[in-house]
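*Asks:* With the sequence up front, the predicted model follows.
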Amino acid sequence: MTPIGQYNNKQIFWLDYTEFSDKLPDKNWLCLAIANKQPDIDRFDQFVRASILGNILEFKGYGQFGEHLNDLFDEISAIMETLEDHKEINVMTTFHNGETLEDTLWQCFFATSLSQKTEIDPIKIVCTDLDGVNRTAELKRYIKEFEEN
């Protein structure tokens with residue numbers, strides 16, 4: 001993971017989706033995943049499982065396949081709970097197909113979907129693109145705009 005900024009007392013990181021296995025946080029984090037192409041299902045399954053083991057709090061799917069990512073995350077979670085006897089998984093998942101990436105990133109800073117009981121400080125925001133597009137410059141630009149307004 002590469003740090004790309006901070007806003008509202010939250011750190012933002014860029015994650016290379018091709019090399020995530022030992023790079024995910026182990027607590028207090030949420031993920032903004034972008035996909036404009038059909039994701040590789042096996043790879044995404046590995047990502048979801050690693051994220052759950054890393055105690056992810058919230059998953060946001062964005063892009064043309066944002067809703068699909070959300071559905072897959074929920075499906076994999078259900079399989080883990082029902083067929084693999086995993087303890088209850090309490091990860092809030094959302095999709096943001098009809099919003100801009102800037103708006104979706106903005107929502108990450110306020111953890112809009114988490115339970116009031118969740119300890120969210122210090123929270124980490126992990127952003128990744130499943131299509132392999134490096135969006136660090138774009139995300140840095142949004143963070144700068146947030147700071148200026």
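*Replies:* Right, received. Where do you want to start? Numbering: from 1, shown residues only.
*Asks:* helices or strands next to the helix or strand hosting residue 76 in the packing?
*Replies:* Per DSSP states H and E: residue 76 is located in helix 66-83. Secondary-structure packing of helix 66-83 (3 or more Cβ pairs under 8 Å, 6 or more residues apart in numbering; DSSP states H and E): helix 41-53, strand 56-62, strand 92-95. C-beta here means a position set from N, CA and C on the backbone, and glycine is covered the same way.
*Asks:* For the second one, which strands pair with it and how are they oriented?
*Replies:* What it means is strand 56-62. Strand 56-62 pairs in its sheet with strand 29-34 (parallel), strand 92-95 (parallel), by DSSP bridges.
*Asks:* Residue 17: which of these is closest?
*Replies:* Across these, residue 17 has its closest neighbour in strand 29-34 (8.0 Å, Cβ to Cβ).
*Asks:* just the CA coordinates of that closest one, formatted as PDB?
*Replies:* Taking C-alpha atoms only, strand 29-34 is exported to PDB below (Å, rounded to 0.1, in the frame of the first residue of the first chain):
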ATOM      1  CA  TRP A  29     -10.300   0.200   7.400                       C
ATOM      2  CA  LEU A  30     -12.700   0.400   4.500                       C
ATOM      3  CA  CYS A  31     -12.100  -0.200   0.800                       C
ATOM      4  CA  LEU A  32     -13.100   1.800  -2.300                       C
ATOM      5  CA  ALA A  33     -12.800  -0.700  -5.200                       C
ATOM      6  CA  ILE A  34     -13.200   0.500  -8.800                       C
END
